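*Asks:* Any chance you could fold what I've pasted below:
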Amino acid sequence: MSDKILTPRPSRLGLDDFVSRFGDIYEHSPWVAELAWQQGLGEAQDTPAGLAEAMGRVLRDASPERQLEVIRAHPDLAGKAAIAGELTDDSTREQAGAGLDQCTPEEMARFERLNAAYKARFGFPFVMAVKGNDRHAILAAFATRLENDQDEERRTAIEQISRIARFRLEARAEG
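*Replies:* Numbering: from 1, shown residues only. Modelled structure (predicted):
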């Protein structure tokens, strides 16, 4: 975990600059950054952990419908968008870091089956913060999470999305 200070400091940015710099932290959902800024940012939000907490709170406090919009903005893991090169730069790096770009044909077929089963059950893509995991751990998590009920899985997806956001903010502080 990083306790570095983000540069420029989020607490010193105007709304437009803040959303320009951090609006992409949540996949295709700049409204999360906008609401976090509107709720007020202080020095505590100048670190990746502090800003991730503030932005995560916005998402956790959002209506289930808005949460589902954010979940649905995420790509399938090892899915068609990844194969076609249509992921955001962050998603491409994250999936490659977990070895999802090195799947065997059998593993790709299993990802496709699990992605389809998951979407059929929950109505949104499987989301997991893949940093620190490999494709085997991700496949195992898929199987486990398919047993969750709808509300539990929505909450789990939101937790995972908040973890992704924190990893992205930490990477920006270090980069």
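
*Asks:* Please pull up the helix or strand immediately following the helix or strand of the chain with the lowest mean pLDDT.
*Replies:* One helix or strand of the chain scores below all others by mean pLDDT, DSSP states H and E: helix 80-83, with a mean of 65. If you walk from helix 80-83 toward the C-terminus, the next helix or strand you reach (DSSP states H and E) is helix 89-97.

*Asks:* Can you list the buried residues in that next one?
*Replies:* Within helix 89-97, the residues scored as buried using 16 or more other C-beta atoms under 10 Å are 90, 91, 92, 94, 95. All C-beta spots, glycine's among them, are computed from the backbone N, C-alpha and C.

*Asks:* Quick one: mean pLDDT over that helix.
*Replies:* Over the span of helix 89-97, the pLDDT mean works out to 82.

*Asks:* elements contacting that helix?
*Replies:* Judged by 3 or more C-beta pairs under 8 Å, 6 or more residues apart in numbering; DSSP states H and E, the packing partners of helix 89-97 are helix 80-83, helix 150-174.

*Asks:* Which secondary structure state does the residue nearest to residue 165 when sequence neighbours are not counted sit in?
*Replies:* Using C-beta to C-beta, 6 or more residues apart in numbering and skipping the chain neighbours, the partner closest in space to residue 165 is residue 25 (4.9 Å). Of the three states, residue 25 takes coil under DSSP: H, G, I helix; E, B strand; the rest coil.
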